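Student: output the structure for:
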Amino acid sequence: MIRLIFALSVTLALFGQQQQQQVQQQGVPDPTIKLGRITGKVLNAITGEPVRKATVSLQPAGAQQGQGGGGGQPGGPFGGGQSRGLSAATDNAGTFVFENVNPGNYRLSGEKTGFIRSSFGGRGAGAIGSQLTIAAGTEKADVIVRITPQGIVSGRILDEDGEPMEGVSIQLLRPQYFASQRRMMGTAGNQSNDRGEFRITNVAPGKYYMQIQRMSNGNMPIQQGKEEFGYPKLFFPGVEALEQAQRVEVGAGQEVSNLQMALRKVRVYRVRGHVPGIAAPAGQQAGAQGGGRRGGGNGMVIQLRPDGGASDMMGPGFGPGMGGGQVRADGSFEIAGVTPGAYKLTLSSFGEGRPKVVGSLKLSVGNDNVEGVVLAPSPLVSFQGKIVVEGDKTAVNLKSVRIQLMSTDMGGLGGIPGIQVAEDGSFSATELSQDKYRITVNPGAAAYVKAITVGGQNILDTALDLSGGGGGPMEVILSTKIATVNGMVEKQKQDDAPGSIVIAIAGANGTLSLLSTASGQSPLARVDDNGKFSIANLPPGEYKLIAFEEIDLATASDPEFLKKFEDRAATVKIGEGESKSATLKQVRFAETNPSSN
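Tutor: Modelled structure (predicted):
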């Protein structure tokens with residue numbers, strides 16, 4: 001899974017109240033290096049007015065740190081052996097200055113309370129932004145960082161009787177597409193107060209699904225006689241299925257208020273069962289929690305989630321399941337507060353090392369408790385493989401090739417460590433759950449992933465199926481006959497940001513989707529200050545290239561969004577080892593965000 005989010009960590013905060021901001025250097029500059037200078041302004045992206053007391057951060061672009069020729073000295077942006085960036089505050093005119101900057105490539109960001117933290121060339125959270133290139137002894141003047149006023153979503157949560165509900169979680173969700181599969185990502189959220197009111201700040205412009213879920217008292221069921229009731233999670237405007245939900249559109253600086261939803265109490269049930277092969281230690285009561293490790297039943301945790309729903313939802317603060325808990329010391333488990341429906345029950349081990357999914361089954365919950373479920377652990381599996389290089393074998397450092405697995409189900413707990421490759425190209429993966437996995441291979445800039453074969457079948461665009469046990473030998477075929485597209489982006493206005501290029505592929509039905517990262521190529525390419533771009537190590541194929549002044553990954557991965565600008569795309573068909581050129585007309589920020597006009 002790709003994440004093209006470049007780190008902009010702030011390590012020092014320096015604030016100036018004077019007309020000319022104060023800048024503190026990191027260490028002592030090297031007198032043999034001709035240093036540069038950066039001056040500019042922070043502006044309100046909507047009104048164009050200067051923003052005073054904004055914090056501006058300058059950070060070396062990640063890949064160039066400590067690399068020869070890539071820009072930037074080993075001592076960081078300001079010499080003297082320090083690799084950390086620097087921050088400064090704008091004056092009353094919104095102006096900032098960075099003195100004594102080493103030659104190199106940098107990222108610049110601006111932030112202030114009430115605004116979305118934004119990068120140079122990007123105006124919102126998640127926007128890709130652009131790099132600044134500082135040549136020796138030169139000044140980069142009139143750099144503009146535009147920060148967008150935050151959006152706010154507010155409203156009230158009531159119960160079925162119209163009374164306020166406290167402790168209800170409200171989460172804003174946006175879809176992203178990974179390997180053509182939609183995932184709902186949690187972005188921002190909050191909880192309702194004693195009046196049932198909620199207020200979510202720092203919301204970037206966009207369209208969001210809104211999920212509400214009762215969190216107080218652990219969302220435990222409410223006893224009424226012999227029956228139990230609970231509040232299932234809902235989506236705005238009050239539906240249980242995401243497919244029926246309406247999205248909330250938030251503009252830059254806009255407060256979407258008076259959103260009101262009512263949680264409805266419904267009948268809920270329990271799922272009870274056991275994991276065979278676990279016995280309570282002598283003298284310990286059945287059902288008691290074990291000590292030491294997480295989980296009483298040999299460090300095992302049970303999780304129940306809608307069948308087919310968990311693969312659609314992930315992200316910070318977004319719980320994919322309907323419930324779960326620890327397996328007791330005697331192997332029994334119980335899940336309360338379950339509404340009728342189809343579910344997948346997952347067993348994960350929190351024993352030695354990382355969490356692992358060791359068992360799963362599907363079950364249906366009707367209008368009664370489900371008793372006697374048996375969920376037996378399955379043995380973990382492994383596979384071996386080898387990298388084969390076609391072309392110039394000396395161009396690829398096999399030990400630096402990165403291989404990553406991701407469960408297509410997304411339901412397991414914990415991550416899967418990257419696979420290490422030996423000098424001879426051999427690799428192995430062990431202690432894997434019996435599941436299906438997407439494989440991402442990053443071979444570096446000198447090659448692309450031509451094929452990933454298992455048993456003679458190419459699974460590059462599908463998945464590795466280990467649901468029936470261990471897989472056969474895998475062969476990852478790299479080719480150094482890379483294809484390259486170079487070109488220019490024509491901006492509509494001189495002061496528009498350089499922006500980025502979206503690399504898309506048209507499906508059989510005409511739907512546009514981002515280039516899969518399985519081939520080792522990012523689906524987004526940067527444009528330099530002069531409007532030039534270069535896309536290397538592309539696999540052969542036909543691509544749609546669209547230039548945007550600003551784009552974030554969540555937006556770029558939405559096929560509906562890309563379809564709106566297909567008429568602005570350049571179509572490039574390229575073969576193995578070929579080099580082609582293209583000229584693109586940039587899509588302005590105002591066109592993708594009408595609220596900015």
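Student: burial measure for the residue lying closest to residue 232 once chain neighbours are set aside, as a count.
Tutor: Leaving aside its sequence neighbours, residue 232 sits nearest to residue 339 (Cβ to Cβ, 6 or more residues apart in numbering; 4.9 Å). Every C-beta, even on glycine, is put in place using the N, C-alpha and C of the backbone. The number of residues packed near residue 339 is 17, by other Cβ atoms under 10 Å.
Student: ok, residue 339 - contacts?
Tutor: Residue 339 makes contact with 230, 232, 266-269, 322, 365, according to Cβ atoms under 8 Å, 6 or more residues apart in numbering.
Student: pull the most distant pair out of the residues you listed.
Tutor: 267 and 322 (14.4 Å; Cβ to Cβ).
Student: the two: who's more crowded?
Tutor: residue 322 (24 against 13).
Student: what pLDDT is listed against that one?
Tutor: For residue 322, the pLDDT comes out at 56.
Student: pull out the buried residues from the host helix or strand of residue 258.
Tutor: If you go by DSSP states H and E, residue 258 is part of strand 255-262. Residues 256, 259, 261-262 are the ones in strand 255-262 that count as buried (16 or more other Cβ atoms under 10 Å).
Student: show me what that strand packs onto, helices and strands only.
Tutor: Packed against strand 255-262, as judged by 3 or more Cβ pairs under 8 Å, 6 or more residues apart in numbering; DSSP states H and E, are the following elements: strand 151-158, strand 248-250.
Student: on contacts alone, who are the packing partners of the first one?
Tutor: Helices and strands touching strand 151-158, as assessed by 3+ Cβ pairs under 8 Å, 6+ apart, comprise strand 168-178, strand 197-203, strand 206-214, strand 248-250, strand 255-262.
Student: related to what we said a few turns ago, how about the buried residues of strand 255-262 in CSV, adding distance to residue 139 and pLDDT?
Tutor: Shown next, in CSV, are the buried residues of strand 255-262 (distance: Cβ to Cβ, whole Å; pLDDT from 0 to 100):
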residue, distance to residue 139, pLDDT
256, 43, 95
259, 49, 95
261, 54, 93
262, 59, 93
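Student: domain parsing for the protein?
Tutor: 36-149, 151-267, 275-374, 381-479, 483-596 (automatic domain parsing).
Student: out of those domains, which one sits most buried?
Tutor: domain 36-149 (a mean of 20; mean count of other Cβ atoms under 10 Å).
Student: so how far is that one from its chain's centroid?
Tutor: Chain-centre distance of domain 36-149: 23 Å, with Cα atoms, centre = their mean, to the nearest Å.
Student: any idea how far the nearest residue to residue 482 once chain neighbours are set aside lies from residue 516?
Tutor: The spatially closest residue to residue 482, leaving aside those adjacent along the chain, is residue 537, at 4.4 Å (Cβ to Cβ, 6+ apart). Counting by Cβ to Cβ, to the nearest Å, the separation of residue 537 from residue 516 is 13 Å.
Student: among the helices and strands packed on strand 255-262, which is nearest residue 326?
Tutor: Nearest to residue 326, of the helices and strands packed on strand 255-262 and by Cβ to Cβ, is strand 151-158 at 29.8 Å.
Student: ok, back up a step: export the contacts of residue 339 as CSV, with columns for secondary structure and distance to residue 473.
Tutor: Below are these laid out as CSV (DSSP: H, G, I helix; E, B strand; the rest coil; distance: Cβ to Cβ, whole Å):
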residue, secondary structure, distance to residue 473
230, strand, 49
232, coil, 46
266, strand, 51
267, strand, 52
268, coil, 48
269, strand, 46
322, coil, 39
365, strand, 42
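Student: would CSV of those with distance to residue 37 be doable?
Tutor: As requested, these are exported to CSV (distance: Cβ to Cβ, whole Å):
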residue, distance to residue 37
230, 62
232, 59
266, 64
267, 69
268, 65
269, 68
322, 57
365, 66
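Student: in the protein, which helix is the longest?
Tutor: Once the chain is assigned using DSSP state H, the helix that runs over the most residues is helix 559-564.
Student: I'd like the average pLDDT over that one.
Tutor: 86.
Student: repeat for stretch 198-210
Tutor: On average, stretch 198-210 scores 92.
Student: what is the end-to-end distance of that stretch?
Tutor: 12 Å (Cα to Cα, to the nearest Å).
Student: could you list the low-confidence segments of the stretch 51-200 of the chain?
Tutor: Applying pLDDT under 70 to the stretch 51-200 of the chain flags residues 62-84, 122-129, 177-182.
Student: which residue sits closest to residue 278, ignoring its sequence neighbours?
Tutor: Nearest to residue 278 is residue 331, by Cβ to Cβ, 6+ apart, at 3.3 Å.
Student: any idea how far that neighbour lies from residue 270?
Tutor: For residue 331 relative to residue 270 (Cβ to Cβ), the value is 17 Å.
Student: please apply the same query to residue 203.
Tutor: From residue 203 to residue 270 the distance is 38 Å (Cβ to Cβ).
Student: what does residue 57 give?
Tutor: 51 Å.
Student: same check on residue 533?
Tutor: 58 Å.
Student: one more: residue 168?
Tutor: Taking Cβ to Cβ, one finds residue 168 at 23 Å from residue 270.
Student: next up, phi/psi of residue 139, please.
Tutor: Torsion angles at residue 139 (phi, psi; degrees, to the nearest 10) stand at phi -120, psi 130.
Student: ah, wrong one, I meant residue 398
Tutor: phi -60, psi -30.
Student: that one touches residue 421, doesn't it?
Tutor: Yes: applying Cβ atoms under 8 Å, one finds residue 398 in contact with residue 421, separated by 5.5 Å.
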